[in-house]
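>>> here is a sequence with its predicted model. Questions after.
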Amino acid sequence: MPIEIINPIEYPNWDKLLLTNKDYSFFHTSSWARVLFESYGYKPIYFTLIDGGKLSALIAVMEINSWLTGKRGVSLPFTDFCSPIVYEKSQFKEIIKSLIEYGRKGGWKYIEVRGGKDIFQDITTSSSFYTHTLDLTRNEHEIFSSFRVSTKQNIKKAIKEGVNVILSHSLESVKEFCRLNRITRKHHGLPPQPYYFFKKVHEHIISNKKGVVVLASYQKKNIAGAICFQSGNKAIYKFGAFDRRYQYLRPTNLLIWEIIKWYEQNGFKTFSFGRTEPENTGLLQFKRGWGTKQEIINYYKYNLVKDAFVKEPGGKTSYNIFKLLPSPLLNLTGFLFYKHVG
């Protein structure tokens, strides 16, 4: 069975083929590939084994070619996880060998794979994160009962205070999310993702009902928002933002609960809360309060110069310098540099 290098944007019925393998995720879809390609110019290179019209193995890679940060292959940029799909160890060895050879010929500095700890096993881990997934196969009452007491109380508080939540597929709702996102990113000392990225998210994902924007409002003012994606029967909370001045109303708790109910009512089986850094103890505590299953997601980096898998340097990165920038300059920083750091 030969390895095929596929561009999912051009491959007929890629998403239908993807669903023939139970290990698919939204991030393997052609919609996400198209957003990354059109937003940042990354080149999709998907190493694929297809057997009898079914997807047997896959490592989805984007080539980043940056004058600032170098040339490399990432699976996938700006993606929480994108684990390799393989049935047998022999398939993995074959496909990773082909990927390394391709990268070496292409002059890549390294290859990064986000996920696949059951496949990589004893291979050196570059970095690790946590993921939290909620089982939606239960009814609404059973799901709510699995939440921590404080989580339930915060949902009830938001309802009592008059917080309202809507789900939307409109471009206007994306613009509102972007406004909230700029506030949140500035608080964390991070440049916001450029608007043209979210416009592509709307064009290829949200407007096609492969994702949804959720906004929480108080007294007719939007105070929290989220963007979620879905594929098959799996959903993921990808982006979140809120105005901290209204945190006492607990709008994010109600917003997430309304998302969970919507996905459960529409037949989805799992809802992922995305990835979390191990040092972010507050966020970990928050996500554990939703009756989720916690798992470790490992990233792996193959240095093509050293010809070996390597570990990322330890230590927490400080972003305090960005907190000092005025908002227009911070927004410009995101516009200019995001494509170089995927």
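Here it is on my side, so go on. Residues are numbered from 1 along each chain as shown.
>>> residue ranges with poor pLDDT in this protein?
Within the chain, the ranges that satisfy pLDDT under 70 run 314-320.
>>> could you list the domains of it?
For the chain, automatic domain parsing gives the domain ranges 4-129+297-340, 131-295.
>>> dump those to CSV, plus mean neighbour count.
For the C-beta atoms, the positions are set from N, CA and C on the backbone; glycine is no exception. Putting those into CSV (neighbours: other CB atoms under 10 Å) gives the following:
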stretch, mean neighbour count
domain 4-129+297-340, 17
domain 131-295, 18
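>>> the stretch 51-200 of the chain: strands as residue ranges?
Using DSSP state E, counting those that start in this stretch, the strands of the stretch 51-200 of the chain run over residues 54-66, 70-75, 110-114, 127-135, 164-168.
>>> which one of those lies nearest to Gly291?
strand 127-135 (6.4 Å; CB to CB).
>>> send me that closest one as CSV with only the CA atoms.
Output of strand 127-135 as CSV, limited to C-alpha atoms (Å, rounded to 0.1, in the frame of the first residue of the first chain):
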residue,chain,number,x,y,z
SER,A,127,6.3,19.1,25.6
SER,A,128,3.1,18.0,27.3
PHE,A,129,-0.4,19.4,27.9
TYR,A,130,-3.7,18.3,29.3
THR,A,131,-7.0,17.8,27.5
HIS,A,132,-10.4,17.5,29.0
THR,A,133,-13.3,15.7,27.3
LEU,A,134,-17.0,15.5,28.3
ASP,A,135,-19.1,12.5,27.4
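>>> by how many degrees do it and strand 110-114 diverge?
30 degrees (axes from the mean of the first three to the mean of the last three CA atoms, to 10 degrees).
>>> and strand 127-135, what does it pack against?
strand 270-276, helix 281-288, strand 293-303 (3 or more CB pairs under 8 Å, 6 or more residues apart in numbering; DSSP states H and E).
>>> dump these to TSV, plus distance to Pro12.
What follows is the helices and strands packed on strand 127-135, written out as TSV (distance: least, CB to CB, whole Å):
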stretch	distance to Pro12
strand 270-276	28
helix 281-288	38
strand 293-303	31
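>>> compare those and give me the one nearest Lys323.
Comparison of the helices and strands packed on strand 127-135 against Lys323 by CB to CB identifies helix 281-288 as nearest, at 18.0 Å.
>>> angle of the closest one against strand 293-303?
130 degrees.
>>> for Asn253, see how far away the residue sitting furthest away from the middle of the chain is.
Distance from the C-alpha centroid of the chain, by CA atoms, centre = their mean, peaks at Lys160 (31.9 Å). Taking CB to CB, to the nearest Å as the measure, Lys160 falls 12 Å from Asn253.
>>> convert the helix or strand containing Gln230 to CSV, retaining C-alpha atoms only.
If you go by DSSP states H and E, Gln230 is part of strand 221-231. Extracted in CSV, the C-alpha atoms of strand 221-231 (Å, rounded to 0.1, in the frame of the first residue of the first chain):
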residue,chain,number,x,y,z
LYS,A,221,-23.9,44.1,26.0
ASN,A,222,-21.8,41.1,24.9
ILE,A,223,-19.5,40.2,27.8
ALA,A,224,-18.2,36.7,26.9
GLY,A,225,-17.8,34.6,23.8
ALA,A,226,-16.6,31.3,22.4
ILE,A,227,-16.0,29.7,19.0
CYS,A,228,-16.5,25.9,18.7
PHE,A,229,-15.8,23.5,15.9
GLN,A,230,-17.4,20.1,15.1
SER,A,231,-16.9,17.2,12.8
